[in-house]
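Chemist: Structure here, sequence nowhere to be found:
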């Protein structure tokens, strides 16, 4: 018999990756009960953080690039559990993509 536990201790990890050709600034990640700031993210750079959402959450992303302020409303789904990982990528066109994975534990 195989028992999978999807709840446990720890917090979800978030990785944000700048796939654009420019440096983005004033990056803010927000969700239910958390907010994280990255002053700058160079082209090709990746930043990892752990967040502490209060219950079910997604992540909103805002940043400045080339004199524009870009704000994307909350996307994805995760809970306050280390089984969740969130990957955020910012494309060459400055589009934001959020992907959430969950890993089952034995």
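Modeler: Great, that's in hand. None of these values were measured; they are calculated from a predicted model.

Chemist: Output the below-cut-off pLDDT ranges for this protein.
Modeler: 1-9, 105-106 (pLDDT under 70).

Chemist: tell me the centre residue of it?
Modeler: Central residue of the chain (CA atoms, centre = their mean): residue 14, 4.2 Å from the mean position.

Chemist: State the helix or strand in which residue 52 lies.
Modeler: Secondary structure assignment for residue 52, by DSSP states H and E: no helix or strand.

Chemist: that older thread, mind listing what the residue nearest to the centre of the chain touches?
Modeler: 29, 36, 48, 49, 50, 51, 59, 85, 86, 87, 88 (CB atoms under 8 Å, 6 or more residues apart in numbering). C-betas here are computed from N, CA, C, even on glycine.

Chemist: List just the nearest of those residues to residue 103.
Modeler: Relative to residue 103, the closest of those is residue 85; by CB to CB it sits at 7.3 Å.

Chemist: shouldn't the closest one be in contact with residue 100?
Modeler: Yes. Using CB atoms under 8 Å, residue 85 is in contact with residue 100, at 7.3 Å.

Chemist: Now neighbour count and distance to residue 10 too, for the contacts of residue 14, in a markdown table please.
Modeler: Shown next, in a markdown table, are those (neighbours: other CB atoms under 10 Å; distance: CB to CB, whole Å):
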| residue | neighbour count | distance to residue 10 |
| --- | --- | --- |
| 29 | 22 | 18 |
| 36 | 17 | 17 |
| 48 | 10 | 14 |
| 49 | 16 | 14 |
| 50 | 12 | 8 |
| 51 | 22 | 11 |
| 59 | 27 | 17 |
| 85 | 16 | 11 |
| 86 | 25 | 14 |
| 87 | 16 | 17 |
| 88 | 23 | 19 |
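
Chemist: Among the residues you listed, which ones are in strands?
Modeler: Using DSSP state E, the subset of the contacts of residue 14 located in strands is 29, 36, 48, 49, 50, 59, 85, 86, 87, 88.
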